[in-house]
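A.B. asks: I'll drop the sequence and a predicted model, then ask my questions.
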Amino acid sequence: MFLQLFGTVVIAGIVGYASERSGFTRNGFVPSIIICVGGAFLFYFIRIMFGIRFGAPGIDAVLSSVGALIIVPTHWRRRR
């Protein structure tokens, strides 16, 4: 179970980097990775506590990372 946590963090980081490279988000590399890792952590702990899952842990990590990027709209903020 502890290795699933590391895998979740790695997959979330890759999703954050890939979303920024592909132009899906315009947050910057570090904010996108932080948003993805935060969403993946949150869903990982929800998965442990309540047993809610969509499939394999890798699929859950990808879906939660993309969901976090969609929910947190930092690219619409005004830049100073």
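C.D. replies: Perfect, thanks for sending it.

A.B. asks: so how far is stretch 49-62 off the chain centroid?
C.D. replies: Relative to its chain's centre, stretch 49-62 lies at 12 Å (C-alpha atoms, centre = their mean, to the nearest Å).

A.B. asks: same question for stretch 44-62.
C.D. replies: Worked out by C-alpha atoms, centre = their mean, stretch 44-62 lies 12 Å from the chain centre.

A.B. asks: pretty sure Cys36 sits against Gly16.
C.D. replies: Yes - shown here, Cys36 and Gly16 form a contact pair, counting by C-beta atoms under 8 Å, at 3.6 Å. Yep, even glycine has a C-beta here, placed from its N, CA and C like the rest.

A.B. asks: would you mind listing the buried residues in the helix or strand encompassing Ser65?
C.D. replies: Under the criterion of DSSP states H and E, Ser65 resides in helix 57-71. Residues of helix 57-71 classed as buried by neighbour count (16 or more other C-beta atoms under 10 Å): Pro57, Asp60, Ala61, Val62, Leu63, Ser64, Ser65, Val66, Ala68, Leu69.

A.B. asks: do the same with stretch 41-54
C.D. replies: Neighbour-count burial for stretch 41-54, counted by 16+ other C-beta under 10 Å, picks out Phe41, Phe43, Tyr44, Arg47.

A.B. asks: isn't Gly13 right up against Ile35?
C.D. replies: No - in this structure Gly13 lies outside contact range of Ile35 using C-beta under 8 Å: 10.9 Å.

A.B. asks: which residue of those two possesses the greater neighbour count?
C.D. replies: The neighbour comparison of Gly13 against Ile35 (other C-beta atoms under 10 Å) goes to Ile35, with 23 against 18.

A.B. asks: report the contact partners of the more buried one.
C.D. replies: Gly16, Asn27, Ala68, Leu69, Val72, Thr74 (C-beta atoms under 8 Å, 6 or more residues apart in numbering).

A.B. asks: can you name the next helix or strand after the helix or strand encompassing Val10?
C.D. replies: Using DSSP H and E, Val10 maps to helix 2-22. For helix 2-22, the following helix or strand on the C-terminal side (DSSP H and E) is helix 29-50.
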